[in-house]
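K.L.:
Structure for this input, please:
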Amino acid sequence: MAINPKELEFNKNDDSMRMRISEMERKLETIYLGGGKSKIEKHHSKGKLTARERIDLLIDPNSRTIEIGAFAGEGMYAEHGGCPAGGVVIKIGYVSGRQCIIVANDATVKAGAWFPITGKKNLRAQEIAMENHLPIIYLVDSAGVYLPLQDEIFPDKEHFGRIFRNNAVMSSMGITQIAAVMGSCVAGGAYLPIMSDESLIVNKTGTIFLAGSYLVKAAIGESIDNETLGGGHTHTSISGVCDYLSENDEECLSTIRDLMSRLGEKDKAGFDRIEAIAPKKDQGELFGIFPDDRAKPYNMKDVIERIVDDSEFNEYKKDYGKTILCGYARIEGWSVGIVANQRLVIKNSKGEMEFGGVIYNESADKAARFIMVCNQKNIPLVFLQDVSGFMVGSKSEHAGIIKDGAKLVSAMANSVVPKFTIILGNSYGAGNYAMCGKAYDPRLIVSWPTAELAVMSGASAAKTLMQIEIASLKGKGEEVDEVKQKAIYDKIKARYDAQISPYYAASRIWVDAIINPLETRKVVSMGIEAANHYKTDKRYNVGALQT
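P.N.:
All right, here's what the predicted structure looks like:
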């Protein structure tokens, strides 16, 4: 389809997308300051680098990274002074040429203490490491659990203690773990570096102990300073807890780079890759193609052709089940199967009109079969979400939309090839599930700044809830005129709109990141590269799909 960048609608969309990206970048600038400039200066005065400075020095110069959970904690914990980025910085990157995931406590945020979202974010990093057999590097500088919220981070299955359980599991899986103690490492957190394969500690600034000097004095009456109790020399020459002593952050990070350079190769998953070719069509046109008004249609093929190599998309069952596009392509040379919602209002094979972004019987059936074929061919799957849900009404119900929807969800959920999900626009209701939402284990799930995640749109939810509230008021004998109806609607919609924002989702790590659309190729490519580290022994059961 020809795109005219001079069209008014194109330019409106382009302006809106650029404004959204600018807003995202402004938010990130604040988040990157962690606890603020004064806390950073105090940190530097101790001879320590910040979490982000440590990562920048550790990774290969000019190499690409993906930050996981930058918006974690956004808008949360205001009564506790906030928790930018969840108090921990996590990136997938390259160290000595080896792809790995790095977890660095940000001690400028409440001394690196663990909030509930900190625990969730750390567990997500370990999940990524375990799924992809990626080496993981911990840069430890944390005061431990944030005590005012200890009941939300300490005792449950997905809380603080799960970190150490995962340390043990990753060790048994042969996943390399390197921990560097570059600040405080106290109480239960002291187990993390020791449960890693190799540990480092920075002299005079790194400390490890189950209880600090004040608690030791209170508990057993012993008077001792923290350095003697659990400093660098203590743990490298007396206790033998740590393997390497470094004089400063820079030396510590250099040692980690040396350790990473010695890792041997393991069996790969064998995903097909050839030389990458840039999209033939201008990627910058994505900004103008994608409508800011979520109700307006557009052709998803125009988006795909600006993401995939050479703008080449080999479509599967092109004339059947048209509200989902399926087909083969390459992204930075990697072979992928794409499953994408089509937003055009189109005719189906029976000549009937179908609404864009809605999953119908035929499209659910097609997508399920395509997922099956990709599993047979060992081709990773990329889901491009802009979905309003499944079609409702008597016609769809009588045609068995629930059965066909279940077939799609089952095929997607049982898929053993890596899945990657990009939420471009709507991600509503069961459509989120069928198109590989967070609950269905995508290796990475990211959104564009235009994304909306909810059971339904803000307008639909507000209308539904307004009707319920009006019925309740009338039941109590109250009169509800148009002015009052509008006030009720506006109040409900404002609250709901705040919850469907991509920032609301990212703050709770429902998505791993909000990205500039131009980063889509990088995220998918680095994600498949990570997944290629491990050859799964699982087999895909396709029997149920043959009926």
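
K.L.:
which residues in the stretch 251-400 of the chain form strands?
P.N.:
Under the criterion DSSP state E, counting those that start in this stretch, strands of the stretch 251-400 of the chain are mapped to 314-316, 324-331, 334-341, 346-347, 353-354, 358-359, 381-387, 389-390.

K.L.:
From Val169, how far off is the residue positioned nearest the centre of the chain?
P.N.:
Taking C-alpha atoms, centre = their mean, the centroid of the chain lies closest to Asp512, which sits 1.2 Å from it. According to C-beta to C-beta, to the nearest Å, Asp512 and Val169 sit 21 Å apart. In short, each C-beta sits where N, CA and C put it, glycine included.

K.L.:
what's the answer for Ile515, then?
P.N.:
Here Ile515 is placed at a distance of 30 Å from Val169 (C-beta to C-beta).

K.L.:
With Gly477 instead?
P.N.:
As judged by C-beta to C-beta, Gly477 and Val169 stand 61 Å apart.

K.L.:
Which one of the two is surrounded by more residues?
P.N.:
Ranked by neighbour count (other C-beta atoms under 10 Å), Gly477 and Val169 place Val169 first, with 13 against 6.

K.L.:
looking at this, that one is in a helix?
P.N.:
Yes - Val169 forms part of a helix when assessed by DSSP: H, G, I helix; E, B strand; the rest coil.

K.L.:
tell me the contacts of it?
P.N.:
Shown in contact with Val169 (C-beta atoms under 8 Å, 6 or more residues apart in numbering): Met130.

K.L.:
Next: Val181.
P.N.:
Counting by C-beta under 8 Å, 6+ apart, Val181 touches Val140, Asp141, Pro193, Ser199, Leu200, Ile201, Val202, Gly206, Thr207, Ile208, Cys242.

K.L.:
so who does the second one touch?
P.N.:
Spelled out, it's Asp141. Lys48, Ala51, Ala104, Asn105, Asp106, Ala107, Gly112, Val181, Met182, Gly183, Ser184, Cys185.

K.L.:
Surely the fourth one touches Cys185?
P.N.:
No - at 9.1 Å, Asn105 and Cys185 do not qualify as touching, with contact defined as C-beta atoms under 8 Å.

K.L.:
Need the overlap of contacts for those two.
P.N.:
Val140, Asp141, Ser142.

K.L.:
Format the residues you listed as CSV; extra columns: pLDDT.
P.N.:
As requested, the shared contacts of Asn105 and Cys185 are arranged in CSV below (pLDDT from 0 to 100):
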residue, pLDDT
Val140, 96
Asp141, 95
Ser142, 92
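
K.L.:
longest helix of this protein?
P.N.:
Using DSSP state H, we find that the single longest helix of the chain is helix 8-31.

K.L.:
Output the following helix or strand past that one as CSV, restricted to C-alpha atoms.
P.N.:
Next helix or strand after helix 8-31 toward the C-terminus (DSSP states H and E): helix 37-45. Only the C-alpha atoms of helix 37-45 are listed here, as CSV (Å, rounded to 0.1, in the frame of the first residue of the first chain):
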residue,chain,number,x,y,z
LYS,A,37,21.8,14.5,42.0
SER,A,38,22.6,15.1,45.7
LYS,A,39,22.5,11.3,46.3
ILE,A,40,24.7,10.7,43.3
GLU,A,41,27.3,13.2,44.6
LYS,A,42,27.2,11.6,48.0
HIS,A,43,27.7,8.2,46.4
HIS,A,44,30.7,9.5,44.4
SER,A,45,32.2,11.0,47.6
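
K.L.:
centre of the chain versus helix 37-45, how much separation?
P.N.:
Its chain's C-alpha centre and that of helix 37-45 lie 29 Å apart, by C-alpha atoms, centre = their mean, to the nearest Å.

K.L.:
Now do the strands in the stretch 101-250 of the chain.
P.N.:
With DSSP E, counting those that start in this stretch, the ranges of strands along the stretch 101-250 of the chain come out as 136-142, 177-186, 198-202, 207-209, 244-246.

K.L.:
among the ones you listed, which is nearest Ser335?
P.N.:
Ranking the strands of the stretch 101-250 of the chain by proximity to Ser335 (C-beta to C-beta) places strand 136-142 first, at 27.3 Å.

K.L.:
Pull that closest one out as PDB, backbone CA atoms only.
P.N.:
This file holds the C-alpha atoms of strand 136-142, laid out as PDB (Å, rounded to 0.1, in the frame of the first residue of the first chain):
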ATOM      1  CA  ILE A 136      24.000 -13.200  34.800                       C
ATOM      2  CA  ILE A 137      26.200 -10.600  36.600                       C
ATOM      3  CA  TYR A 138      25.100  -9.100  39.900                       C
ATOM      4  CA  LEU A 139      26.600  -5.800  41.000                       C
ATOM      5  CA  VAL A 140      25.500  -5.800  44.600                       C
ATOM      6  CA  ASP A 141      25.100  -2.600  46.700                       C
ATOM      7  CA  SER A 142      22.000  -2.900  48.800                       C
END
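
K.L.:
so how far is it off the chain centroid?
P.N.:
With C-alpha atoms, centre = their mean, you get 19 Å for strand 136-142.

K.L.:
any idea of the angle it forms with helix 37-45?
P.N.:
Strand 136-142 and helix 37-45 meet at an angle of 100 degrees, taking axes from the mean of the first three to the mean of the last three C-alpha atoms, to 10 degrees as the criterion.

K.L.:
Give me the sheet partners of strand 136-142 and which way each runs.
P.N.:
Sheet neighbours of strand 136-142, with direction, are listed as strand 98-105 (parallel), strand 177-186 (parallel) (DSSP bridges).

K.L.:
need the contact list for the closest residue to Gly69 other than its chain neighbours.
P.N.:
Once flanking residues are discounted, Gly69 sits nearest to Lys121: 4.5 Å by C-beta to C-beta, 6 or more residues apart in numbering. If a contact means C-beta under 8 Å, 6+ apart, then Lys121 has Ile68, Gly69, Ala72, Gly86, Val88, Ile90, Ile509 as its contacts.

K.L.:
For burial, what's the neighbour tally of the last one?
P.N.:
This means Ile509. Around Ile509 there are 21 residues (other C-beta under 10 Å).

K.L.:
coming back round to it: lowest-confidence stretch among the strands paired with strand 136-142?
P.N.:
For those, mean pLDDT drops lowest on strand 177-186, to a mean of 94.
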